[in-house]
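# need coordinates for the below:
(one chain, ligands or ions: 1)
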Amino acid sequence: MVGLPARGKTYVARKILRYLNWLGHPARLFNVGNYRREHVGSLQAHGFFDPSNQEGVRQRTLMALMALEDMLGWFEAGGEVAIYDATNSTHERRKLIQDKCEARGVRVIFIESSCDDATVEANVRATKLDSPDYVGVDSDVAVADFRARIEHYAQVYEPVDESEGSYIKLIDVGQKVIVNRITGYLPSRLVSFLVNLHNVPRPVWLTRHGQAEFNVIERIGGNTHLSAPGRAYAENLKRFYDERIAPYGEVEVWTSTLVRTQETAEILGKQTLQWRALNEIEAGSCDGLTYREIKERYPEDWRARCGDKLSYRYPQGESYMDVIQRVEPVVLELERQKRPVLIISHQAVLRAIYGYLMGHELERIPHLDVPLHTVLEFAPKAYGAAEQQFLLGPALPPHTGSSS
Ligand code: F6P
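Below you'll find the model as predicted:
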């Protein structure tokens with residue numbers, strides 16, 4: 001990452017981290033500020049960041065090198081992508097990073113973030129006042145100190161230029177993106193992710209369809225209609241929508257192409273977007289069976305699935321990892337969308353999206369709790385989201401829904 005303080009670097013870095021890990025590319029964040037806080041101490045007044053403060057420069061360089069060495073060590077241990085989160089604001093510092101990385105066969109892409117004064121001001125208030133650097137400090141004093149810190153960095157700041165190789169410049173959080181010498185699968189995915197990012201806060205709601213006829217008889221997959229309790233849930237959802245969702249104004253409602261999600265959405269009386277990518281995990285030869293039947297007819301598959309639910313792929317069907325790849329365009333659209341979004345989909349698919357929204361480890365995703373007749377709400381926070389569950393009912397017998 002490259003950029004003056006309060007340019008949203010950590011916000012972008014954490015988003016990239018979550019996205020790559022979710023796609024199955026082991027990624028880790030190395031935040032040099034955290035090294036400073038741990039080894040030098042937080043509560044450093046702005047003078048510490050003054051480029052003419054030699055002791056400050058020495059200690060900051062030491063921290064940057066320590067983080068860099070840990071990062072390179074992590075690559076040697078099998079890491080795929082590291083995000084080195086610091087201002088990295090001079091050619092000299094970036095050259096050092098590049099030389100050290102290249103010597104170990106690690107490719108560098110600089111992601112430089114710049115933004116207008118209003119965004120900087122909003123960032124300072126949204127993220128810096130809660131920083132461990134300002135615990136117990138009056139908020140006006142903290143803001144003034146942070147502004148002085150930014151000024152120190154601004155004195156020596158050198159934007160990334162053509163001679164520095166691969167870079168992505170993010171200007172005003174997605175308003176403009178400049179891409180230089182980016183090739184290859186993962187760097188290209190990164191670009192399409194970054195062009196969709198913005199910082200307009202809006203909630204997202206996830207719900208499964210109302211109980212379907214196959215849920216009643218504990219069969220997986222299929223394309224059945226809602227049961228009577230399922231229809232009652234659709235009505236409860238309509239009430240919840242009117243009371244809690246509609247006040248946000250224009251809301252996007254997305255469903256799968258299967259009957260049960262469409263019947264759940266119908267009663268809302270809203271135009272919906274139907275995504276095939278939101279259809280339930282494809283259970284292949286096991287589609288339409290109960291878990292008991294799967295266990296009896298395909299004991300080895302059952303064992304394999306219990307052993308590794310994330311990677312297990314149904315015969316002629318999908319695994320959770322397949323579902324994640326399939327749902328990725330939905331997640332990109334979710335990032336791009338500035339309106340609130342209600343997604344009515346299915347258990348496995350919603351687990352994948354839930355895992356993305358909350359940054360859960362991949363291994364946890366197939367086991368996340370996404371019960372029927374419940375709405376999950378994700379309200380935006382400075383970094384990430386706050387989650388709330390609304391059990392709308394009707395309540396169902398405990399067996400309904402899941403194998404885990
Ligand atoms: O049982 C409902 C259902 O949506 C099935 O269609 C699907 O196969 C299953 O949930 C996914 O959950 P699990 O991965 O726990 O079997």
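# going forward, measure contacts and count neighbours with C-alpha atoms only.
OK.
# flag the shaky bits of this structure, pLDDT-wise.
In the predicted model, the chain carries pLDDT under 70 at residues 399-404.
# swap in 80 and give it another go.
43, 128-129, 173-174, 382-384, 398-404 (pLDDT under 80).
# which residue ranges of it form helices?
9-22, 32-39, 54-76, 91-103, 117-123, 139-156, 185-196, 213-216, 228-240, 259-266, 291-297, 299-307, 320-336, 347-358 (DSSP state H).
# mind listing what's buried in the fourth one?
For helix 91-103, burial by neighbour count (16 or more other Cα atoms under 10 Å) applies to 91, 94, 97-98, 100-101.
# distance to residue 234 for those - can I get that in TSV?
Below are the buried residues of helix 91-103 laid out as TSV (distance: Cα to Cα, whole Å):
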residue	distance to residue 234
91	58
94	55
97	55
98	55
100	58
101	54
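# output the set of residues of the stretch 201-350 of the chain in proximity to the ligand.
Residues of the stretch 201-350 of the chain lying close to the ligand by Cα under 6 Å from any ligand atom are 215, 220-221, 281, 283, 346-348.
# could those be laid out in CSV, adding distance to residue 320?
Output for those, formatted as CSV (distance: Cα to Cα, whole Å):
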residue, distance to residue 320
215, 20
220, 15
221, 14
281, 7
283, 11
346, 13
347, 11
348, 7
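# pull out the buried residues from those residues.
Buried, going by 16+ other Cα under 10 Å: 215, 220-221, 281, 283, 346-348, out of those.
# nearest to the ligand, of the buried residues of helix 91-103?
residue 101 (40.3 Å; Cα to the nearest ligand atom).
# so the closest one makes contact with residue 72?
Yes. Contact criterion Cα atoms under 8 Å: residue 101 and residue 72 qualify, at 7.2 Å.
# find the nearest non-adjacent residue to residue 108, please.
Nearest residue to residue 108, sequence neighbours excluded (Cα to Cα, 6 or more residues apart in numbering): residue 98, at 6.4 Å.
# ok, now residue 182?
In space, residue 182 is closest to residue 166, 5.8 Å off (Cα to Cα, 6+ apart).
# next, the contact list for the one you found, please.
Residue 166 is in contact with 108-110, 179-182, counting by Cα atoms under 8 Å, 6 or more residues apart in numbering.
# same deal with residue 150?
With Cα under 8 Å, 6+ apart, residue 150 has these contacts: 4-5.
# one step back: write the ChimeraX selection for whichever of the contacts of residue 166 are buried.
Command for ChimeraX that selects the buried part of those, burial taken from 16+ other Cα under 10 Å:
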select :108,109,110,182
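# what's around residue 16, how many residues?
Counted with other Cα atoms under 10 Å, residues neighbouring residue 16 total 21.
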